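Peer 1: below is the sequence, then the predicted model.
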Amino acid sequence: MKATGIARQVDSLGRVVFPMELRRTMDINSGDAMEIFTDGKTIVLKKYEPACIFCGEAGDVVEHKGKYVCNGCLEEMGK
């Protein structure tokens, strides 16, 4: 992990504000979903990207009947 040198306080509702420069660098926009992971005592936030329910591929996915499927898996299924 890379330290940014930026510290923010958690407010009474548990929110943390990301600095604008960090949001621009990481292409995080208002309304974007974030995934939350833990690793021991570390919290990791990642911009949510839908992934294929079959192979886990996050690129080139489409929504099909409420599920995300990559084009490769759709081709394998004969769609």
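Peer 2: On my side now, so go ahead. Numbers count the residues shown, from 1 in each chain.
Peer 1: where do the helices sit along this protein?
Peer 2: 20-25, 71-76 (DSSP state H).
Peer 1: got the contact list for I53?
Peer 2: K67, Y68, V69 (C-beta atoms under 8 Å, 6 or more residues apart in numbering). The way it works is simple: take the backbone N, C-alpha and C, and place the C-beta from them, glycine included.
Peer 1: quick check: closest non-adjacent residue to the residue nearest the centre of the chain.
Peer 2: Among the residues of the chain, the one closest to the centroid is Y48, at 1.9 Å (C-alpha atoms, centre = their mean). Closest residue to Y48 apart from its sequence neighbours, by C-beta to C-beta, 6 or more residues apart in numbering: A33 at 3.8 Å.
Peer 1: give me the low-pLDDT residue ranges for this structure?
Peer 2: Filtered on pLDDT under 70, the chain yields the residue ranges 79.
Peer 1: how's it carved up into domains?
Peer 2: Domains of the chain are assigned by automatic domain parsing as 1-48, 49-79.
Peer 1: turn the helices of the chain into TSV, including distance to G5 and mean neighbour count.
Peer 2: Below are the helices of the chain laid out as TSV (distance: least, C-beta to C-beta, whole Å; neighbours: other C-beta atoms under 10 Å):
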stretch	distance to G5	mean neighbour count
helix 20-25	11	11
helix 71-76	41	14
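Peer 1: just name the most buried of the domains of the chain.
Peer 2: domain 49-79 (a mean of 13; mean count of other C-beta atoms under 10 Å).
Peer 1: what separates it from the chain centre, distance-wise?
Peer 2: 17 Å (C-alpha atoms, centre = their mean, to the nearest Å).
Peer 1: offset the numbering so it begins at 633, please.
Peer 2: Okay, residue one is now 633; in that scheme the one you just asked about reads as domain 681-711.
Peer 1: now V701, nearest residue through space, not along the chain?
Peer 2: C684 (5.4 Å).
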